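Enquirer: how would this look folded up:
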Amino acid sequence: MALVEVKVPDIGDFDEVAVIELLVKVGDTVKVEQSLITVESDKASMEIPSSTAGVVKEIKVALGDKVKEGSVVVMVEAAGAAAAPAAESKAAPAPTAAAPAAPVSVASAPVAAPAASGPVEVRVPDIGDFKDVAVIELLVKVGDTVKVEQSLITVESDKASMEIPSSTAGVVKEIKVKLGDTVNIGDLVVILEGVASAAPVPVAAATAVAPAAAVAAPAAVAAVAAAAAAPAALAVPAHAPGGTTLGLPHASPSVRKFARELGVPLNEVKGSGPKGRITEADVQGFTRSVMSGAVQTLAIAAQAKASGSNDGAGLGLIPWPKVDFAKFGPIERKEMSRIKKISGANLLRNAVMIPAVTNHDDADITDLEAFRVSTNKENEKSGIKVTMLAFLIKACVAALKKFPEFNSSLDGDALIYKQYYHIGFAADTPNGLVVPVIKDADKKGIFQISQEMGELAKKARDGKLGPADMSGATFTISSLGGIGGRYFTPIINAPEVAILGVCKSQMEPVWDGKAFQPRLMLPLSLTWDHRVIDGAAAARFNVYLGQILGDFRRVLL
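Expert: Below is the predicted model of the structure:
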């Protein structure tokens, strides 16, 4: 019995793919071509088979590892002469089949195609050693405008699936395949029209469908107001959270990505596609069901069970008073908006569970405000109005870099220090408060931040913010702007560990050592999680933030 290394075979035009599933464990007896692990790129996934029969002695990869052709997967104690180069032969390029001639096919060589307006055929490219693969998903419909490399259909064999991309940009005029059809290299997929240009795309490698876990925080489903606007005609799938899950959710990479963006736990969604495959419509339907309260995710149900009813009894408090207000005078009952219901539950949890402390301070922004006003005058023609909040975002990034615990999150007994700086800002809308996020604020200038803030604020007022617009924040600023007030205590937006509240700035007499001078002072209210941050660090953060706002050149240090 000899130990044999089983390596990743030729997986086509893919490099550094992630391991998303381990299909065997040490001690298992495997056969030739038995799948060992599942790997996934941004568009496809694949099961890596064993080239040798025997007993698994050591697994050389872990979930999340990146592998490529030649990476050792497992060590197998070969069963005599059972070792066979099956995977190698399987991984070898299949003889190229003669494809029917076509004006444009995915397998075309690079050609500088002129602008065209006539119909263009998009065909199945070379998909490796696969024949008669079934169409299991249509990703576009007639009338859709598609881009180059946008996926058109998903096909699947007994062990693998792939998304077939478009080689051409244009409008879908006709779809030549339907669900359940079998296709081969060269088969016509769609006919496009109104093409601006044609460009070749890389030939897709044969890839497998092994479903991946797309379990972003289930509570984030509640924040997806935009998903509620999905077409009502979509059927709402049954919810079976208690069902037995064999392996991971059966869905294409694009659907898993869509679910991650919405925060949908795929293992709780029942698929309506072939063989129980989860479709994008299933994810949308599930989200609408959660938003309407028709179903609960396991996480929400567990939270409700742990906290009991919302009358305080679950916390050991006396019940919430129930009063017939009508007997005292006229009343009007109005249901709270969806946003207020969602945010209310999150705010209650955060206020109860986080030991929060708030520091109040003032920042002298006299010179910064003068610079902001002059900047706007000089750039009137640009159409971009720079606000004080844009400067606050950049100042907070500088403070977060100096005090990294404020840019962290609790994970059990450990702290996750984030190496990115996504700043949320509270935006008031007719339906309630929402928190859009400026991504990678450390890499953007004041003008770019101001422009993005304006665009996000408009989307918020129009009710068009998507889940991606409101996720990923590492620190939040809640600004009352010019409304008024002096100080307040903002509630931390979990899983963040701090939030900055700012009120209306006002002129005050400030002693400069010789006389009182009129200075524009900005009230700062920093709320922080005492489990992560201590009082001294919070005081230093606020003082440093005030110093930056007082002399913005410190941002460059």
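Enquirer: Lowest mean pLDDT among the helices and strands of this structure, which one is it?
Expert: In the chain, no helix or strand scores lower on mean pLDDT, DSSP states H and E than helix 86-91, which sits at a mean of 42.
Enquirer: Could you identify the helix or strand that succeeds it?
Expert: strand 120-123 (DSSP states H and E).
Enquirer: That next one pairs with which strands?
Expert: strand 188-193 (antiparallel) (DSSP bridges).
Enquirer: Return the set of buried residues in the partner strand.
Expert: 188-192 (16 or more other Cβ atoms under 10 Å). Using the backbone N, CA and C atoms, a C-beta is placed for each residue, glycine as well.
Enquirer: Next, the residues that contact that strand from outside, please.
Expert: Around strand 188-193, the neighbours that count as contacts under Cβ atoms under 8 Å, 6 or more residues apart in numbering are 102, 117-124, 140, 146, 152-153, 164, 166, 168-177, 183.
Enquirer: any idea how far Leu465 is from Lys147?
Expert: In this view, Leu465 and Lys147 are 24 Å apart by Cβ to Cβ, to the nearest Å.
Enquirer: er, Asp469 actually
Expert: From Asp469 over to Lys147 (counting by Cβ to Cβ), the distance is 21 Å.
Enquirer: Walking through this protein, point out its helices one by one.
Expert: Under the criterion DSSP state H, helices of the chain are mapped to 86-91, 253-262, 280-292, 298-307, 338-353, 366-378, 388-402, 446-461, 535-550.
Enquirer: who wins for proximity to Thr38 among those?
Expert: helix 253-262 (11.4 Å; Cβ to Cβ).
Enquirer: buried stuff in the closest one?
Expert: Buried-residue list, helix 253-262, by 16+ other Cβ under 10 Å: 253-256, 258-262.
Enquirer: and the direction of that helix versus that of helix 280-292, what angle?
Expert: Here the directions of helix 253-262 and helix 280-292 differ by 20 degrees (axes from the mean of the first three to the mean of the last three Cα atoms, to 10 degrees).
Enquirer: returning to that earlier point: as TSV, the helices of the chain with distance to Lys31 would be great.
Expert: TSV is the format used below for those (distance: least, Cβ to Cβ, whole Å):
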stretch	distance to Lys31
helix 86-91	10
helix 253-262	27
helix 280-292	34
helix 298-307	36
helix 338-353	50
helix 366-378	70
helix 388-402	53
helix 446-461	54
helix 535-550	58
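Enquirer: right, so of the ones you listed, which gets closest to Met507?
Expert: Per Cβ to Cβ, nearest to Met507 of these: helix 366-378, 8.7 Å.
Enquirer: what comes up buried for that closest one?
Expert: 366, 368-369, 372, 375.
Enquirer: got a list of what Gly484 touches?
Expert: So Gly484 contacts 503-504 (Cβ under 8 Å, 6+ apart).
Enquirer: Quickly note the distance from Ile365 to Gly481.
Expert: Relative to Gly481, and taking Cβ to Cβ, Ile365 is found at 14 Å.
Enquirer: okay, the two: which has more neighbours?
Expert: Neighbour tally, Ile365 and Gly481, criterion other Cβ atoms under 10 Å: the higher count belongs to Ile365, 23 against 13.
Enquirer: tell me the contacts of the closest residue in space to that one that isn't next to it in sequence?
Expert: Leaving aside its sequence neighbours, Ile365 sits nearest to Leu522 (Cβ to Cβ, 6 or more residues apart in numbering; 4.8 Å). Leu522 is in contact with 362-365, 388, 502-503, 505, 549, counting by Cβ under 8 Å, 6+ apart.
Enquirer: so Leu522 bridges to which residues?
Expert: Ala363.
Enquirer: what does Met75 give?
Expert: Beta-bridge partners, per DSSP bridges, of Met75: Glu5, Glu58.
Enquirer: what about it, neighbour count?
Expert: 18.
Enquirer: That one reaches Val61, doesn't it?
Expert: No. Using Cβ atoms under 8 Å, Met75 is not in contact with Val61, being 11.3 Å away.
Enquirer: Just give me the neighbour total for the nearest residue to Gly194 once chain neighbours are set aside.
Expert: Using Cβ to Cβ, 6+ apart and skipping residues adjacent in sequence, the residue nearest Gly194 is Val171, 4.6 Å away. The number of residues packed near Val171 is 14, by other Cβ under 10 Å.
Enquirer: So what sits opposite Val171 in the bridge?
Expert: Here Val171, judged by DSSP bridges, has bridge partners Thr145, Glu193.
Enquirer: Can you check what pLDDT the model gives it?
Expert: On pLDDT, Val171 comes in at 92.
Enquirer: so who does the most centrally placed residue in the chain touch?
Expert: The centroid of the chain falls nearest to Glu261 when counting by Cα atoms, centre = their mean (3.6 Å). Contacts of Glu261 were listed using Cβ under 8 Å, 6+ apart, and they are 216, 466-468, 471.
Enquirer: Kindly report the same for Ser337.
Expert: 431-432.
Enquirer: okay, now the nearest residue to Pro49 once chain neighbours are set aside: neighbour count?
Expert: Excluding the flanking residues, the one nearest Pro49 by Cβ to Cβ, 6+ apart is Glu33, at 4.6 Å. Neighbour count for Glu33, taken as other Cβ under 10 Å: 15.
Enquirer: I figured Glu33 hits Ile48, correct?
Expert: No. Using Cβ under 8 Å, Glu33 is not in contact with Ile48; the gap is 10.6 Å.
Enquirer: quick one: which of the helices of the chain is nearest Ile491?
Expert: Of all the helices of the chain, helix 338-353 comes closest under Cβ to Cβ, at 5.3 Å.
Enquirer: which other helices and strands contact the closest one?
Expert: If contacts are counted by 3 or more Cβ pairs under 8 Å, 6 or more residues apart in numbering; DSSP states H and E, helix 338-353 sits against strand 432-434.
Enquirer: quick one: low-confidence parts of the stretch 101-250 of the chain?
Expert: 101-117, 128-129, 158-161, 195-249 (pLDDT under 70).
Enquirer: circling back: pLDDT at the residue nearest to Ile365, what is it?
Expert: So, for Leu522, pLDDT stands at 95.
Enquirer: Number of residues surrounding the closest residue in space to Glu163 that isn't next to it in sequence?
Expert: Distances taken as Cβ to Cβ, 6+ apart put Ser151 closest to Glu163, at 3.8 Å, once the chain neighbours are dropped. Using other Cβ under 10 Å, Ser151 is surrounded by 20 other residues.
Enquirer: Not counting sequence-adjacent ones, nearest residue to Ser35?
Expert: In space, Ser35 comes closest to Glu47 once its chain neighbours are excluded; the distance is 3.9 Å by Cβ to Cβ, 6+ apart.
Enquirer: who has more neighbours, Asp469 and Lys147?
Expert: In terms of neighbours (other Cβ under 10 Å), Asp469 is the more surrounded of Asp469 and Lys147; the figures are 18 against 12.
Enquirer: Now do the buried residues in stretch 427-443.
Expert: By neighbour count on 16+ other Cβ under 10 Å, the buried set for stretch 427-443 is 427, 429, 432, 434-439, 441.
Enquirer: Out of these, the closest to Trp528 would be?
Expert: Closest to Trp528, out of all of the buried residues of stretch 427-443 and judged by Cβ to Cβ, is Val435, at 17.7 Å.
Enquirer: What residues does the closest one make contact with?
Expert: Counting by Cβ under 8 Å, 6+ apart, Val435 makes contact with 424-427, 470, 473, 476, 493.
Enquirer: switch the cut-off to 7 Å
Expert: Applying Cβ atoms under 7 Å, 6 or more residues apart in numbering to Val435 gives the contacts 424-426, 470, 473, 476, 493.
Enquirer: Look at it and report its pLDDT.
Expert: The model's pLDDT for Val435 equals 91.
Enquirer: All good on my end, thank you.
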